[in-house]
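In: just to be clear, the model below is a prediction. Sequence and coordinates:
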Amino acid sequence: MTDLLVDTIVFEILTRVTTKDVGRSKSVCKEWYVLLSRQDFLRVHCSHSLISSNQQVHLIDDLTCSVHPIVFQSYDYGLSSIATFLFDHQNNDVSILSHLNGLLCVYLNHTYELLLWNLTTTAFKRLSTLDSHGFYRNNLDVVGLYIDADDDYKVLHIKPRCGVLGVYVYSREVDYWRNIPFITRQEYLSPHFDWPAGTFSGGTLYFTVCECWFGGRNVVICFNVNSEQFKEIGFPPVPSTGMVHGVLVNVKK
């Protein structure tokens, strides 16, 4: 099969099929598996999927996750379906921390475990390890989901524990946690500061950090996902009489 024919099939046809069909197509041959796993294919496939008939809302309620297609013409929802949980969980147990390209990073409230969960295929990956990696503490920890230059999905996990700081990166490709340094002001990791989940854009994770106890500083902490370096930039100049809980949104034209 010529390169031109392969490119036509992959980028002109397979970018327009469903996610499940893309998953099945990966088993055709090794060449297709590599092409369909590339970030440029995923971007084109997502752009073709961004039409009204493909928009859905996923609601996690008690022991089920319901999927509601959006009907934009009537500003209403279509007939719902139920997504299956393939992992053990309890009532009101699953909390979504971050998401990227349809992949969710969630944690289980009763075990504190972190999971990567694909709602389309219902596949999941448990991130907890015997040496205490992959466990999340609500109102203490910070999580961000991103893709690096090698198209590897990764999780950044910041863990303040009784004055001891741990910053860890999980790689889905190698299935391994490792520690990285946090080179900025250590005070930002105290309980006085509130961190939301990271927003990924242009090779950087952004966190809006607010000094919530004393109503003081607001900063944006940036994490370069390729150099794995942190830096601080100024908060946007918005009117404020105290605490400002900013939310960053990645907007594409």
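Out: Ah, there it is.
In: contacts made by stretch 137-146 with the rest, please.
Out: Residues from elsewhere that reach stretch 137-146 (Cβ atoms under 8 Å, 6 or more residues apart in numbering): 95, 97-100, 103, 105, 107, 109, 112, 114, 136, 153-161, 191, 195, 197-200, 205, 207, 223, 225. Every residue, glycine included, has its C-beta placed from N, CA and C.
In: kindly recompute the last result at 6 Å.
Out: If you take Cβ atoms under 6 Å, 6 or more residues apart in numbering as the criterion, stretch 137-146 is touched by 97-98, 100, 105, 154-160, 195, 197-198, 200, 205, 225.
In: would you mind writing the CA trace of that stretch as PDB?
Out: The C-alpha coordinates for stretch 137-146 follow below in PDB (Å, rounded to 0.1, in the frame of the first residue of the first chain):
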ATOM      1  CA  ARG A 137      -6.000  13.900  49.400                       C
ATOM      2  CA  ASN A 138      -8.900  16.200  48.800                       C
ATOM      3  CA  ASN A 139      -8.400  19.900  49.700                       C
ATOM      4  CA  LEU A 140      -4.600  19.300  49.900                       C
ATOM      5  CA  ASP A 141      -3.300  17.900  46.700                       C
ATOM      6  CA  VAL A 142      -3.100  19.300  43.100                       C
ATOM      7  CA  VAL A 143      -3.500  17.400  39.900                       C
ATOM      8  CA  GLY A 144      -3.000  18.300  36.200                       C
ATOM      9  CA  LEU A 145      -3.300  16.100  33.100                       C
ATOM     10  CA  TYR A 146      -1.200  16.800  30.000                       C
END
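In: pLDDT of it, averaged?
Out: Stretch 137-146 shows a mean pLDDT of 89 in the predicted model.
In: 10 is where my numbering starts, stick with that
Out: That works, and once the first residue is 10, the last one we named lands at stretch 146-155.
In: who does the nearest residue to Leu88 once chain neighbours are set aside bridge with?
Out: Leaving aside its sequence neighbours, Leu88 sits nearest to Pro78 (Cβ to Cβ, 6 or more residues apart in numbering; 7.5 Å). Partner residues in beta bridges with Pro78, using DSSP bridges, are Gln65.
In: how many residues are close by Pro78?
Out: By other Cβ atoms under 10 Å, the residues close to Pro78 number 15.
In: do you know how far it is from Tyr86?
Out: Applying Cβ to Cβ, to the nearest Å, the value for Pro78 to Tyr86 is 7 Å.
In: same question, Thr217
Out: In this view, Thr217 and Tyr86 are 31 Å apart by Cβ to Cβ.
In: neighbour count winner among those two?
Out: More crowded of Thr217 and Tyr86, by other Cβ under 10 Å: Thr217, with 20 against 15.
In: what's across from the more buried one in the sheet?
Out: Assessed by DSSP bridges, Thr217 has beta-bridge partners Val229.
In: my guess is the residue nearest to Leu88 meets Asp85, correct?
Out: No - between Pro78 and Asp85 no contact is recorded; they are 10.0 Å apart, counting by Cβ atoms under 6 Å.
In: now the end-to-end length of stretch 119-128.
Out: 21 Å (Cα to Cα, to the nearest Å).
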